[in-house]
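**Q** below: sequence and its predicted model.
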Amino acid sequence: MSELSKMTIADARDALRAGDVSAVELTEACLTEIEAADALGAFVHKTADLARARAAAADARIKAGDAPAMCGIPLGIKDLFCTEGVPSQAASRILDGFRPEYESTVTQKLRDAGAVMLGKLNMDEFAMGSSNETSIYGDAVNPWKVDDRKLTPGGSSGGSAAAVAADLCLAAIGTDTGGSIRQPAAFTGIAGLKPTYGRCSRWGIVAFASSLDQAGPMTKSVRDAAIMLQAMAGHDAKDSTSADIPVPDFEAMLTGDIRGKVIGIPREYRMDGMPAEIEKLWHEGAEMLRAAGAEVVDISLPHTKYALPAYYVIAPAEASSNLARYDGVRYGHRAKLAQGDGIVQMYEKTRAEGFGPEVQRRVMVGTYVLSAGFYDAYYNRARKVRTLIKKDFEDVFADGIDAILTPATPSAAFGLGEMSEADPVQMYLNDVFTVTVNLAGLPGISVPVGLNGKGLPLGLQLIGRPWAEDDLLNTAYALEAAAGFVSKPAKWW
Amino acid sequence: MSIDVDTARRVAHLARIAVADDDLPALASSFNAILGFVEQLNEVDVDGVEPMTSVTPMRLKRRADEVTDGNIQQKILSNAPDAREGFFAVPKVVE
């Protein structure tokens, strides 16, 4: 097995600059790993030729000196990002054959920085799911395994998580609407950061729920998340919700010194029936931060319980509006029509064939909650509850809390297919600890902290103040150092 | 509040998604599971609370009202399932 694909971004950057390794060598090592890893279902569109060309260009740039940190770093890109000339179909049949004529702002920034795209990564269809089982490409599979079962890498950024954990690439980008970066990161033992809403441009990312969606890095270390966020962040005139505020130097903030920081432990996150191993991990994480010099205090976020129900009104409502554009006219799939079918039949057949069951369900739930007579009862009420959820966080931050520590997920990774008979709400519960963060627009990071009794990774989530990713990353860096998580999945693929 | 088969049919049509009659009962039942879960929101006292319109308190940027791009007809049409003579083609809409 190649050792090069196991490198962190930070180590690869330093080795590239020192001339100890070339971008072409790094890229070839990753491409070899990808070719041997089809069993993981992570890379769904491979762009080897493009990767080789970009790697050669990166080497030239590095040789000339003054190359940015991400120059020559091989990455995987979630299929939700529009990438010029390369299939970008949000893991949906309805975007079958779509090759954008343009590049998303985030992937353009990474391209401009000299990063190398290895290919597109599996995900839940339109990022709607928590197990990567709603994808048109089939399941992505967790590289972690403890028995005969294949486990989910989580979702919706399941391919990104599997690819990073299995060392098919140095890092990947994901998106997070309700936990889609942090939950898969926790299930696969990697770091995953959802930035503050507005930190990264959403332009060119296939929209799911526009008031919640945010792109972020999925990496092998907290330092790598800081380096990668630096290249992704910043104002973009093409996204009116992207923030025109300075982007701090995230990596420079990683001192590991959290003495005097105040860490809140929200009592409402202690759910009934929480597995003992999750409770224990949470307690250990709090002790690690205390030992590093932070003050750990109990806090209350009283509306926590209502976050998931509010999310399952707001997100489907926005999705029903965003996904109205898939009509079989401008791009993607169009159904074969029968004699005499008009435009309404074209829409209805195209969308029935093009959207999978979970996407159809959410679009229709969204249509219902926005329909005349129900708009106030559901949609407006959910938006009012969202205001209260955000206020919960504002209140504790005003009381001097610097960051909040919670579990990242209610369990370790579960088996693929195990939830197929459950009602949809059971799957939605995966996001119970992460969804509050999207509703409040805050930054949150999942850090791998330990293994459960069976040997599967578990993560903890840190939630920061808005726009304070620098401080949040530093706290995560201290937690990462204290936890000392170095386990890797044994290769079976 | 319970969704029956007729409501499910109406919502499917509003969403422009063809659903076979045989599939409507299962669809109605999954709507009921989700909306049942969402019912909890009625427990919250929202009197005097403003519905959130923007999660970050910032004023949306404005720019001069002028043309900033264009002349990319080929690019616009390149992914269309049916494009003819510079237009998107669809089934006849006007009799």
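**A** On my side now, so go ahead. Numbers count the residues shown, from 1 in each chain, chains lettered A, B, ... in the order given.
**Q** elements contacting whatever helix or strand residue A:11 lives in?
**A** Residue A:11 belongs to helix A:9-18 when assigned by DSSP states H and E. If contacts are counted by 3 or more Cβ pairs under 8 Å, 6 or more residues apart in numbering or on different chains; DSSP states H and E, helix A:9-18 sits against helix A:23-35, helix A:222-232. C-beta here means a position set from N, CA and C on the backbone, and glycine is covered the same way.
**Q** thought residue A:107 was touching residue A:79?
**A** No: applying Cβ atoms under 8 Å as the test, residue A:107 and residue A:79 come out as separate, 11.6 Å apart.
**Q** my read: residue A:315 touches residue A:365, true?
**A** No: the pair residue A:315 and residue A:365 does not pass the contact test of Cβ under 8 Å, sitting 9.4 Å apart.
**Q** tell me which helix or strand of the chain sits lowest on mean pLDDT?
**A** No chain specified, so I'll use chain A. Ranking every helix and strand in chain A by mean pLDDT, DSSP states H and E puts helix A:424-428 at the bottom, with a mean of 87.
**Q** look at chain B instead
**A** Across the helices and strands of chain B, mean confidence by mean pLDDT, DSSP H and E is lowest for helix B:24-38: a mean of 94.
**Q** buried set for whichever helix or strand comes after that helix?
**A** Stepping forward along the backbone from helix B:24-38, the first helix or strand reached (DSSP H and E) is helix B:73-77. Using 16 or more other Cβ atoms under 10 Å in any protein chain shown as the burial criterion, the residues of helix B:73-77 that qualify are residue B:77.
**Q** the following helix or strand past helix B:73-77: partners in the sheet, and parallel or antiparallel?
**A** Towards the C-terminus, the helix or strand next in line after helix B:73-77, according to DSSP H and E, is strand B:83-84. Based on DSSP bridges, the strands next to strand B:83-84 in the sheet, each with its direction, are strand B:87-88 (antiparallel).
**Q** quick check: the residue positioned nearest the centre of chain B vs chain A, distance?
**A** The centre of chain B sits closest to residue B:15, judged by Cα atoms, centre = their mean, with a distance of 6.9 Å. Distance of residue B:15 to chain A, given as Cβ to the nearest Cβ, to the nearest Å: 4 Å.
**Q** same check, this time on residue B:75
**A** Relative to chain A, and taking Cβ to the nearest Cβ, residue B:75 is found at 4 Å.
**Q** what is the burial count for the nearest residue to that residue once chain neighbours are set aside?
**A** Distances taken as Cβ to Cβ, 6 or more residues apart in numbering or on different chains put residue A:101 closest to residue B:75, at 4.1 Å, once the chain neighbours are dropped. When neighbours are counted by other Cβ atoms under 10 Å in any protein chain shown, residue A:101 registers 14.
**Q** so who does residue 4 touch?
**A** As the question left the chain open, I've gone with chain A. The neighbours of residue A:4, taking Cβ atoms under 8 Å, 6 or more residues apart in numbering or on different chains as the test, are A:21, A:25, A:26, A:29, A:30.
**Q** that's the wrong chain, I wanted chain B
**A** residue B:28.
**Q** where's it relative to residue B:36, distance?
**A** Between residue B:4 and residue B:36 the distance, using Cβ to Cβ, to the nearest Å, works out to 14 Å.
**Q** in which helix or strand does the residue nearest to residue B:75 reside?
**A** If you go by DSSP H and E, residue A:101 is not part of any helix or strand.
**Q** check the stretch 101-250 of chain A for the residue nearest chain B and tell me.
**A** Closest to chain B within the stretch 101-250 of chain A is residue A:101: 4.1 Å, counting by Cβ to the nearest Cβ.
**Q** isn't that residue right up against residue B:80?
**A** No: with contact taken as Cβ under 8 Å, residue A:101 and residue B:80 are classed as non-touching, separated by 11.7 Å.
**Q** pLDDT of stretch A:55-75, averaged?
**A** Confidence for stretch A:55-75, expressed as mean pLDDT, is 96.
**Q** for that stretch, measure first residue to last.
**A** 11 Å (Cα to Cα, to the nearest Å).
**Q** who touches that stretch?
**A** Counting by Cβ under 8 Å, 6+ apart, the neighbours of stretch A:55-75 from elsewhere in the structure are A:5, A:9, A:12-13, A:16-17, A:22-24, A:26-28, A:30, A:51, A:110, A:113-118, A:169-173, A:227-228, A:230-231, A:251.
**Q** quick one on the thing from earlier: next SSE after the least confident helix or strand of chain A?
**A** Taking DSSP H and E, what comes next after helix A:424-428 is helix A:435-440.
**Q** just checking, what packs against that next one?
**A** With contacts defined as 3+ Cβ pairs under 8 Å, 6+ apart, the secondary structure elements packing on helix A:435-440 are helix A:307-322, helix A:381-398, strand A:457-464.
**Q** show me what the longest one packs onto, helices and strands only.
**A** It stands for helix A:381-398. Counting by 3+ Cβ pairs under 8 Å, 6+ apart, the elements that helix A:381-398 packs against turn out to be helix A:307-322, helix A:435-440.
**Q** helix or strand next in line after the first one, which one?
**A** Yep, that's helix A:307-322 we're talking about. helix A:343-354.
**Q** close to chain B, is that following helix?
**A** Yes: for helix A:343-354, a contact with chain B is found by Cβ under 8 Å from any Cβ of the partner chain, at A:343, A:344, A:345, A:346, A:347, A:348, A:349, A:351, A:352.
**Q** could you say what helices and strands that helix packs with?
**A** Contacts of helix A:343-354 with other secondary structure elements, assessed using 3+ Cβ pairs under 8 Å, 6+ apart, are made with helix A:357-370.
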